[in-house]
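Trainee: Based on what follows, work out the 3D shape:
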Amino acid sequence: STFAPHPRSLRRRRRHHRHRRRRGMEPSPSAIAAGGLGVFLLEVVVRSAGLPGLFTGRYGRRHRLCGAVELALLILGAADAAGRCLTLSGAGPLFVSDAACAAYDVVLGISGTALALSAAYDFRRAHERVRNVASGALDDKATVTFSEMLEHSFYQKLNLVQIGYLHALRYVPASNLIARAGLAVAAVLPWLLRGWYPVNKFSDNYTKAGTDPASLLGILYRVKKYQYLFYKHMLLHGLNASAPFAPGSLATTNYFRLYWVSLNAAYVMEFFLQTLVKRRYMSQRNMLRLNMLLMVVSSVAALQVLYQHVCWPAALLSLLLNLFHRHHEVENFCLVLGSAYLLRQSSEFGLGAGLGWVSPDVVSQ
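Mentor: Coordinates of the predicted model:
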């Protein structure tokens, strides 16, 4: 076409955009997500400051103290992620060494688990009698139950195991595939204990009698259900199965630091926001708005992790096995791990184009 740009002109434009990105003049998706997380936490802190005794009251004191520690850790993690992603500010990361990142992640995982367990047991006497139409923390008429917090503690423990596994991979040579695959299998073994914990279904919030699937709450719970499935098979099983065969260190990359603190914030903040609604320090409308913001932030933060470190066909196999071979998490994961290995081998011989493997050397960190 006569109006098609000349190839030299296209090259100049690409160089110009790359130059703008390097100088921090053009915000990346990670920078936008880091900014969104900062806005979210700032509003949470401002609203919490107006609630006397929120972290110091006698009733449920262990849980209150755990909540204060968790919020402080999330603010530290968000500041670290912002220093890495918002290059325009000229700031830098708070955790400058790999060991500091690992220590922070382990403490954050322990804190999240302690927060869930303290919520379950500090308020057990009151919350065991609660009978909601369905489960979840988005409905202003519902109260989080003892069984929901026990179930939540299981997923917090999975977080702790996953981050420990990803950091441990840094100490195993890439050539030692047997040891790396062994670590991946060890990281899925906690699923053998899933039957010890209660099960609360997201779908009850839009399928049970007395719920409205077309309401905003029904739609949000449906989105959370799909988000959970995507997280479980792409970012948990899919990522864990891909990591042993991928080069580079994922756990200390800038985009993963942002993703990890966003994920941990999403895990705990819906419960905290419900507390603010119950205490009448936040309206239901504002709580839903903040939850939607956090959903968007955590989803955007996950994009680069998905693109660079997840073997998509293996992750999709995990989803299919979940549908047709349910309640066999360890067996299913071993099949997914094997498929990730075969796909990786095929890509090394030039047969894996488009199979979801992107080397960290190809895409800028």
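Trainee: and residue 327, helix, strand or coil?
Mentor: The three-state label given to residue 327 by DSSP: H, G, I helix; E, B strand; the rest coil is coil.
Trainee: Give me the pLDDT value at it.
Mentor: Looking at residue 327, its pLDDT reads 86.
Trainee: ok, now residue 187?
Mentor: For residue 187, the predicted pLDDT is 97.
Trainee: May I have the residues that are in contact with residue 306?
Mentor: 234-235 (Cβ atoms under 8 Å, 6 or more residues apart in numbering). Any C-beta I mention is one placed from the backbone N, CA and C, and that applies to glycine too.
Trainee: Mind doing that once more with 7 Å?
Mentor: Going by Cβ atoms under 7 Å, 6 or more residues apart in numbering, residue 306 touches residue 234.
Trainee: Within the helices and strands, which one has it?
Mentor: Element membership of residue 306, judged by DSSP states H and E, is helix 284-309.
Trainee: May I see the buried residues of the following helix or strand past that helix?
Mentor: Toward the C-terminal end, the helix or strand that comes next after helix 284-309 (DSSP H and E) is helix 312-324. Under the neighbour-count criterion of 16 or more other Cβ atoms under 10 Å, helix 312-324 has 312-319, 321-322 buried.
Trainee: same deal with stretch 154-174?
Mentor: Residues of stretch 154-174 classed as buried under the neighbour-count rule (16+ other Cβ under 10 Å) are 154-169, 172.
Trainee: Ok, stretch 275-283 next?
Mentor: In terms of neighbour count (16+ other Cβ under 10 Å), stretch 275-283 has its buried residues at 275-277, 282.
Trainee: Need the contact partners of it.
Mentor: Stretch 275-283 is contacted from outside by 47, 50-51, 140, 273, 284, 287, using Cβ under 7 Å, 6+ apart.
Trainee: Quick check on those residues: which are buried?
Mentor: Members of the contacts of stretch 275-283 classed as buried by 16+ other Cβ under 10 Å are 47, 273, 284, 287.
Trainee: can you tell me which residues contact the first one?
Mentor: Contact analysis of residue 47 by Cβ under 7 Å, 6+ apart lists 276, 281-282.
Trainee: pLDDT and distance to residue 69 added to these, as TSV?
Mentor: Supplementary listing: those in TSV, determined by pLDDT from 0 to 100; distance: Cβ to Cβ, whole Å:
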residue	pLDDT	distance to residue 69
276	81	18
281	79	20
282	81	22
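Trainee: Tell me how many other residues surround residue 179.
Mentor: Summarising burial for residue 179: neighbours were counted as other Cβ atoms under 10 Å, giving 14.
Trainee: can you check residue 290 too?
Mentor: The number of residues packed around residue 290, counting by other Cβ under 10 Å, is 20.
Trainee: who's in contact with it?
Mentor: Neighbour list for residue 290: 40, 43, 273 [criterion: Cβ under 7 Å, 6+ apart].
Trainee: out of those, who's nearest residue 307?
Mentor: For the contacts of residue 290, the closest approach to residue 307 (Cβ to Cβ) belongs to residue 40, at 23.6 Å.
Trainee: Flag every buried residue along the helix or strand hosting that closest one.
Mentor: Element membership of residue 40 [criterion: DSSP H and E] is helix 29-49. Residues 30-34, 36-38, 40-41, 44, 47-48 are the ones in helix 29-49 that count as buried (16+ other Cβ under 10 Å).
Trainee: Was I right to think residue 254 contacts residue 82?
Mentor: No: with contact defined as Cβ atoms under 7 Å, residue 254 does not reach residue 82; the gap is 10.5 Å.
Trainee: that older thread, quick one: the contacts of stretch 275-283 as JSON lines, columns for pLDDT and distance to residue 237 too.
Mentor: Written out in JSON lines, the entries for these read as follows (pLDDT from 0 to 100; distance: Cβ to Cβ, whole Å):
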{"residue": "47", "pLDDT": "84", "distance to residue 237": "36"}
{"residue": "50", "pLDDT": "75", "distance to residue 237": "41"}
{"residue": "51", "pLDDT": "76", "distance to residue 237": "39"}
{"residue": "140", "pLDDT": "57", "distance to residue 237": "34"}
{"residue": "273", "pLDDT": "85", "distance to residue 237": "28"}
{"residue": "284", "pLDDT": "81", "distance to residue 237": "34"}
{"residue": "287", "pLDDT": "85", "distance to residue 237": "31"}
